[in-house]
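1. fold the following for me, if possible:
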Amino acid sequence: MAAVRAYGHLPDGRAVFEHTLANGRGLVLRAINFGGIVTELHCPDRDGRAANVVLGFDNLTDYVERNPNFGTLVGRYGNRINGGRFTLDGEPYQLALNDFAAALHGGPGGFGKRWWAIEPLQPEADGSVALELTLTSDDGDEHYPGRLDVTVRYTLTPANEWRIDYRATTSRTTIVNLTHHGYYNLAGAGAKGGSALDHELTLNASLFLPVDAGLIPTGIEEVDGTPFDFRQPTRIAERIRSGDAQLMTARGYDHCFALDRAGSKGLVHAARLADPVSGRVMDIETTEPGLQFYSGNFLDGRLRGAHGQAYRQGDGVCLETQHYPDSPNRPEFPSTVLRPGQTFQSTTVHRFSTA
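-> Numbering: from 1, shown residues only. Predicted coordinates:
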């Protein structure tokens, strides 16, 4: 099932609409064509009671003027590029800086701040329902080379899965790292929801990327014996204030984890987030090599949610499947280079259940 309603107008007058997808089994997703933003995502608890499990606003103005990437599609390059600089085929590029001395999430005019074309698709034979979003990023956009044509599909399946499929082609050699930036709280993102720091997190990762003061990776290290070892279910709050140097640097968790893929290029299990109180569980599978775990460290109470609540650290956590930060400057990292004639393809599946 799909429905649509007017959501407002951008300052330049373009109309924004909110589309609703429902799979008929309790999973409901709402998305707008500004930033591809998922404004709400409802799923049932162990007693069958549905709640919205993502942070967001209730109006377009907040999304336009003060959104810390609640629910956005991120591109051209998710995460940080050191100094906003990289060299591609011998040619240097300087991107716009928007995070101190780094280019973050595609720059000040990244994909999360763009008007996307959006279209509901015909239901599939198995009952899956989907929205397709498209965007053309011109050659030189935010100083990235090449015209990039991007298609993203949001699909809800009868198995209570939310699947995101990304596809992109380019007219010139460029770099691409697309992701979705949802802030999750499985207790419910409303005023009465608990802290996401009380959730149990499991990450299929034996390695993580430590960072410097600018949150740029300095290498790859083992998680064993550190607060970054989530290979077994662990309450997020258990070690977040342990005094570990990396946690102090980032003000919490804001690190990329190298997923244990065992050579597979297909979907692998990346993470499980579980709320013991509601019983809601979210499993994530992805084709990406990494996952950025961010504990909402910069939420400081100055933003208000749809229920009037002040958002603070831990009210939502991000689990962003992606390539590693600063990969264009780190040849030992998986490549983010896309050339003409090639197609960037990536898939991430969020599967909701109860325990």
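
2. can you give me the strands for the stretch 51-200 of the chain?
-> Applying DSSP state E, counting those that start in this stretch to the stretch 51-200 of the chain gives strands spanning 72-74, 80-82, 85-88, 91-94, 102-104, 117-120, 129-137, 148-156, 161-170, 174-175, 179-181, 200-203.

3. err, the stretch 201-350 of the chain, not the other one
-> Counting by DSSP E, counting those that start in this stretch, the strands of the stretch 201-350 of the chain are 207-209, 221-222, 234-235, 254-258, 268-274, 280-286, 290-294, 300-304, 310-312, 318-322, 337-338, 344-354.

4. need these in TSV (columns: mean pLDDT and mean neighbour count).
-> For glycine as for every other residue, the C-beta is placed from the backbone atoms N, C-alpha and C. Putting the strands of the stretch 201-350 of the chain into TSV (pLDDT from 0 to 100; neighbours: other C-beta atoms under 10 Å) gives the following:
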stretch	mean pLDDT	mean neighbour count
strand 207-209	98	22
strand 221-222	98	12
strand 234-235	98	15
strand 254-258	98	24
strand 268-274	98	21
strand 280-286	98	22
strand 290-294	98	24
strand 300-304	94	13
strand 310-312	94	16
strand 318-322	98	24
strand 337-338	98	18
strand 344-354	98	19
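
5. which of the ones you listed sits closest to residue 21?
-> Proximity to residue 21 (C-beta to C-beta) singles out strand 344-354 among the strands of the stretch 201-350 of the chain, at 13.2 Å.

6. angle of the closest one against strand 280-286?
-> 160 degrees (axes from the mean of the first three to the mean of the last three C-alpha atoms, to 10 degrees).

7. which elements pack onto strand 344-354?
-> strand 161-170, strand 280-286 (3 or more C-beta pairs under 8 Å, 6 or more residues apart in numbering; DSSP states H and E).

8. circling back to that earlier point, got TSV for the strands of the stretch 51-200 of the chain, with mean pLDDT too?
-> Listed next are these as TSV, based on pLDDT from 0 to 100:
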stretch	mean pLDDT
strand 72-74	98
strand 80-82	98
strand 85-88	98
strand 91-94	98
strand 102-104	97
strand 117-120	96
strand 129-137	98
strand 148-156	98
strand 161-170	98
strand 174-175	98
strand 179-181	98
strand 200-203	98
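
9. residue 16: which of these is closest?
-> strand 117-120 (9.5 Å).

10. partner strands of the closest one, with direction?
-> Its sheet considered, strand 117-120 pairs with strand 129-137 (antiparallel) by DSSP bridges.

11. for the partner strand, C-alpha coordinates in CSV please.
-> Provided in CSV are the C-alpha atoms of strand 129-137 (Å, rounded to 0.1, in the frame of the first residue of the first chain):
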residue,chain,number,x,y,z
VAL,A,129,5.9,-2.1,-2.0
ALA,A,130,8.5,0.4,-3.0
LEU,A,131,9.4,4.0,-3.7
GLU,A,132,12.1,5.0,-6.3
LEU,A,133,14.0,8.3,-5.9
THR,A,134,16.2,9.8,-8.6
LEU,A,135,18.7,12.6,-8.7
THR,A,136,21.2,14.0,-11.2
SER,A,137,24.3,15.6,-9.7
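
12. from residue 228, how far out is the closest residue to residue 216 other than its chain neighbours?
-> Using C-beta to C-beta, 6 or more residues apart in numbering and skipping the chain neighbours, the partner closest in space to residue 216 is residue 82 (4.6 Å). Distance of residue 82 to residue 228, computed by C-beta to C-beta, to the nearest Å: 21 Å.

13. comparing the two, which residue is more hemmed in?
-> residue 228 (24 against 19; other C-beta atoms under 10 Å).
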